[in-house]
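J.: sequence unavailable; structure follows:
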């Protein structure tokens, strides 16, 4: 049996950006790695950090949700003393005694390798995958250092990839000025905006307890999706002249019950008389919305009836729903991290012109997809479609 090949990318990730993810994905392919650990440094690590380890951890978890081969690790965050690469490698060697370990570096990192703590212990434990950085001009110096380290026993391989052209310093500066940060994963940016990290104004005063509870209650993929729906709900609300803050709140909390076991959802629904619809009580995909509105009130302290309505109807829609609820329902189906599905790009394009028209097209696509596979379509969705068709805004939007 072939030995497992495991990559390691550690750093402060303050914040993690798409340059880090680009390095990781390129290494996975080029070196045929089975998986790659992304390991944020502890708060007492080798380099001062601007935000806390727990905030950096949540950002790393959200960013890693982009690819199942990326595994966030608390190896250094949970260390009781400052942890260095040699400590991390020894721990991973104990955990994966037969695996080949590969540490990712930029070319600038390779030039600093000579200063690593207990380097003589590090070299036998791993190989190094070196990724180019934009602006690298020291080719001869790099080759000399590579030769010197190779002579000491280092195994160094250059990764062929588009050079990384972004730094955490640049990202932080853009956030501080509330400028577009195209190299920052959308859910990570929303996380920073909600909490007011890196000089951004705090967008939501209750965001920290909400995020702590949500992070503990849902999967990493659902956490990233919730942040992305919050951002998209806000964007749509701003575009169509609605209350952006309330839309963002509903978007963040819309799936707060999604990962509860179905039996627990059923118990909550029955005990609190949320619905007697047996089809809904039998499906977590349907039931999590109405239970989510209850959980948002009970556990997150959300009292705004418009926000609770948006949560309750985000998956099926509802005839007569508010435009705020439409924003969240539509955002859930078109947010940027969504996997592609038929009509997605058409719905996204229409969402720039017509809220009602885009929601109608989205729900019609959902209904067609469900029926084509012989699955159950909840009557509320069909009722919402019929109602939207009576609205001039929806009809004119579809005909644009």
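T.: On my side now, so go ahead. The structure presented is a predicted model; accordingly, all values stated were derived computationally and were not measured.
J.: show me this protein divided up by domain.
T.: Listed domain ranges for the chain are 5-167, 229-398 (source: automatic domain parsing).
J.: tell me which element the spatially closest residue to residue 66 that is not a sequence neighbour is part of?
T.: Nearest non-adjacent residue to residue 66, counting by C-beta to C-beta, 6 or more residues apart in numbering: residue 21, 6.3 Å away. All C-beta atoms are positioned from the backbone trio N, CA, C, and that covers glycine. Assigning secondary structure by DSSP states H and E places residue 21 in helix 18-30.
J.: what about that helix, average pLDDT?
T.: Averaging pLDDT along helix 18-30 gives 94.
J.: so which other helices or strands are in contact with whatever helix or strand comes next after it?
T.: Using DSSP H and E, the helix or strand that directly follows helix 18-30 along the chain is strand 35-40. Applying 3 or more C-beta pairs under 8 Å, 6 or more residues apart in numbering; DSSP states H and E, we find strand 35-40 packed against strand 5-11, helix 18-30, helix 53-64, strand 70-72.
J.: what do you get if the cut-off is 6 Å, keeping everything else the same?
T.: Contact partners of strand 35-40 among helices and strands, from 3 or more C-beta pairs under 6 Å, 6 or more residues apart in numbering; DSSP states H and E: strand 5-11, helix 53-64, strand 70-72.
J.: got any ranges where the stretch 51-200 of the chain has weak pLDDT?
T.: 134-137 (pLDDT under 70).
J.: which residues in it form helices?
T.: 53-64, 85-95, 107-111, 119-122, 139-151, 168-176, 186-195 (DSSP state H, counting those that start in this stretch).
J.: save the ones you listed as CSV, and put in distance to residue 260 and mean neighbour count too.
T.: CSV is the format used below for the helices of the stretch 51-200 of the chain (distance: least, C-beta to C-beta, whole Å; neighbours: other C-beta atoms under 10 Å):
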stretch, distance to residue 260, mean neighbour count
helix 53-64, 20, 23
helix 85-95, 31, 17
helix 107-111, 43, 17
helix 119-122, 44, 15
helix 139-151, 52, 13
helix 168-176, 33, 17
helix 186-195, 21, 24
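J.: so which of those comes closest to residue 78?
T.: For residue 78, the closest of these is helix 53-64, at 9.2 Å, according to C-beta to C-beta.
J.: contact partners of the closest one?
T.: 13, 15-16, 38, 40, 42-43, 70, 72, 77, 185, 187-188, 191, 215, 220, 223-224 (C-beta atoms under 6 Å, 6 or more residues apart in numbering).
J.: also stretch 231-250?
T.: Contacts for stretch 231-250 (C-beta under 6 Å, 6+ apart): 186, 190, 230, 251, 307, 310-311, 323-324, 327-328, 331, 335, 355.
J.: quick one: mean pLDDT for that stretch?
T.: Averaged across stretch 231-250, pLDDT comes to 98.
J.: and the end-to-end length of it?
T.: 10 Å (C-alpha to C-alpha, to the nearest Å).
J.: gap between it and the chain center?
T.: Distance of stretch 231-250 from its chain centroid, counting by C-alpha atoms, centre = their mean, to the nearest Å, is 19 Å.
J.: stretch 103-119 too?
T.: With C-alpha atoms, centre = their mean, you get 29 Å for stretch 103-119.
J.: follow-up on the earlier one: among the domains of the chain, which comes closest to residue 196?
T.: The nearest among those, by C-beta to C-beta, is domain 5-167 at 10.4 Å.
J.: about what we covered before: buried ones in the helix holding residue 21?
T.: 18, 19, 20, 21, 22, 23, 24, 25, 26, 27, 28 (16 or more other C-beta atoms under 10 Å).
J.: show me which of the residues you listed is closest to residue 7.
T.: The closest of the buried residues of helix 18-30, once distances to residue 7 are taken by C-beta to C-beta, is residue 27, at 5.3 Å.
J.: thought the closest one was touching residue 129?
T.: Yes. Using C-beta atoms under 6 Å, residue 27 is in contact with residue 129, at 5.0 Å.
J.: find residues that contact each of those two.
T.: Common contact partners of residue 27 and residue 129 (C-beta under 6 Å, 6+ apart): 104, 159.
J.: OK, contacts around residue 131?
T.: Contacts of residue 131 (C-beta under 6 Å, 6+ apart): 23, 106, 159.
J.: go with 7 Å
T.: 23, 26, 104, 106, 159, 161, 164 (C-beta atoms under 7 Å, 6 or more residues apart in numbering).
J.: now swap in residue 185 and tell me
T.: With C-beta under 7 Å, 6+ apart, residue 185 has these contacts: 18, 62, 63, 66.
J.: quick one, phi psi at the last one?
T.: Same thing as residue 66. phi -70, psi -20 (degrees, to the nearest 10).
J.: number of residues surrounding it?
T.: 17 (other C-beta atoms under 10 Å).
J.: can you give me the distance of it to residue 327?
T.: Separation of residue 66 from residue 327 (C-beta to C-beta, to the nearest Å): 25 Å.
J.: again with residue 374
T.: From residue 374 to residue 327 the distance is 31 Å (C-beta to C-beta).
J.: same question for residue 56.
T.: For residue 56 relative to residue 327 (C-beta to C-beta), the value is 30 Å.
J.: ok, now residue 269?
T.: 25 Å.
J.: in terms of neighbours, single out the busier of these two.
T.: Using other C-beta under 10 Å, the more surrounded residue of residue 269 and residue 327 is residue 327, with 33 against 20.
J.: got a list of what that one touches?
T.: Contacts of residue 327 by C-beta under 7 Å, 6+ apart are 233, 236, 237, 242, 247, 355.
J.: what is the neighbour count of the last one?
T.: As a burial measure, the neighbour count of residue 355 was computed by other C-beta under 10 Å and equals 24.
J.: okay but it is in contact with residue 326, surely?
T.: Yes. In this structure residue 355 lies within contact range of residue 326 using C-beta atoms under 7 Å: 5.5 Å.
J.: how about the strands in the protein?
T.: 5-11, 35-40, 70-72, 100-106, 127-131, 156-158 (DSSP state E).
J.: got a list of contacts for stretch 95-105?
T.: 3-9, 23-24, 27, 31, 33, 85, 89, 92-93, 125-131.
J.: which residue lies farthest from the center of this protein?
T.: residue 151 (41.6 Å; C-alpha atoms, centre = their mean).
J.: give me the distance between it and residue 109.
T.: In terms of C-beta to C-beta, residue 151 sits 19 Å off from residue 109.
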